[in-house]
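Trainee: fold the following and give me the result.
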Amino acid sequence: MISIIIPLYNAEKTIVKTLASLISQTYQNFEVIIVNDGSKDNSEQAASSYLRQVQTNNKFFFLSQDNQGAPAARNRGYKESKGEFLLFCDSDAVLAPNALEMMVDNLKRHPEASYAYSSFNWGKKIFKLNEFNPEKLKEMPYIHSMSLIRRNDFPDSGWDESLKKFQDWDLWLTMLEKGKIGIWIPQVLFKILPGGTMSSWLPAFAYKTLPFLPAVKKYQAAMKIIKEKHGL
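Mentor: Down below sits the predicted model:
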C-alpha cells in the first residue's frame, strides 16, 4: 500500500484537482493523509466536501495542526501512515492517471533503488530531469519531492523542519549519505499548478543575471545552508 501524505495550506483553489487525480489512478491500493497546516482559507472544507461527493474505496484521513510549515506537516502525516511506500504529494499537483502504477512498478523492478522519481510539468514548462547521478545531486537540486519512497529507506530524522527551502534536496542528500539512490522514470507523471502555495519557480537565467532579486538572494542563501549541512 502507498501512503499519500498531503501538507495542506491555503490550497482551496487546487486541492480538489489534486484529489481528483488521485481518485482516478490506475493503481488504487493507497491511503491519503491530509494534514491541514493551519490554513486560513477553506482548504479542508473544499477537500472534505469533494470527497463526500465521490465514490472511492480508499481511506482519506484529515489531521490538523497550527501552521508549522510543509516539512512538519509531512512528518506528522508520516507518523500516522501505514504504507509500504510513501508519496509526499503537494496540494497543487495533478498526477497522471498511471503515475502511482508506474512508480510502484519501477521500484519493484529495481530493488537497488530507494525511491522513484519522474519528469514533470510546472505549468507549461517541462522539467525532463535525467538518470540518477550522485555527483549531480551534490551540485544542485533536480529531483522533486513528489517521488515514491520505500518506507524502510525513509530517514528516521524525517524532513528537516528548520529548512524553509530545498527540503527535498536535503532529503535526497541525507538518503544518499546512507547509500540510498533513486531511479528515474523518463515520463511526465505529474504537473504543478501555477499559483499554488507549495511551489514556485524562476527561469534559470534569473539566478545568473538578476542576483539582486529578493527571490534569487533567498535561493542562494538557502543553497548555502544545504551545502554547509552536507559538507558540499
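
Trainee: quick one, strands of this structure?
Mentor: In the chain, the segments counted as strands under DSSP state E are 2-8, 30-37, 59-65, 85-88, 93-95, 115-122, 125-127, 148-150, 182-192.

Trainee: what does the second one contact?
Mentor: Strand 30-37 is contacted from outside by 1-9, 19, 22, 43-44, 47, 58-65, 67-70, 72-74, 76-77, 80-83, 87, 100, using C-beta atoms under 8 Å, 6 or more residues apart in numbering. Quick note: C-beta positions are derived from backbone N, CA and C, even for glycine.

Trainee: about what we covered before: redo the strands of the chain as CSV? Include mean neighbour count.
Mentor: As requested, the strands of the chain are exported to CSV (neighbours: other C-beta atoms under 10 Å):
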stretch, mean neighbour count
strand 2-8, 27
strand 30-37, 24
strand 59-65, 15
strand 85-88, 24
strand 93-95, 22
strand 115-122, 22
strand 125-127, 13
strand 148-150, 24
strand 182-192, 19
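
Trainee: go ahead and confirm residue 126 touches residue 188.
Mentor: Yes. Counting by C-beta atoms under 8 Å, residue 188 is a contact partner of residue 126 at 6.4 Å.

Trainee: mind listing the shared neighbours of these two?
Mentor: Overlap of the contact sets of residue 126 and residue 188 (by C-beta under 8 Å, 6+ apart) consists of 119-120.

Trainee: now render the strands of the chain as JSON lines, adding mean pLDDT and distance to residue 166.
Mentor: Written out in JSON lines, the entries for those read as follows (pLDDT from 0 to 100; distance: least, C-beta to C-beta, whole Å):
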{"stretch": "strand 2-8", "mean pLDDT": "98", "distance to residue 166": "16"}
{"stretch": "strand 30-37", "mean pLDDT": "97", "distance to residue 166": "19"}
{"stretch": "strand 59-65", "mean pLDDT": "94", "distance to residue 166": "22"}
{"stretch": "strand 85-88", "mean pLDDT": "98", "distance to residue 166": "14"}
{"stretch": "strand 93-95", "mean pLDDT": "98", "distance to residue 166": "18"}
{"stretch": "strand 115-122", "mean pLDDT": "96", "distance to residue 166": "16"}
{"stretch": "strand 125-127", "mean pLDDT": "91", "distance to residue 166": "16"}
{"stretch": "strand 148-150", "mean pLDDT": "98", "distance to residue 166": "17"}
{"stretch": "strand 182-192", "mean pLDDT": "97", "distance to residue 166": "16"}
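
Trainee: any chance of the ones you listed in TSV, plus distance to residue 228?
Mentor: As requested, the strands of the chain are exported to TSV (distance: least, C-beta to C-beta, whole Å):
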stretch	distance to residue 228
strand 2-8	26
strand 30-37	27
strand 59-65	29
strand 85-88	24
strand 93-95	30
strand 115-122	24
strand 125-127	26
strand 148-150	25
strand 182-192	23
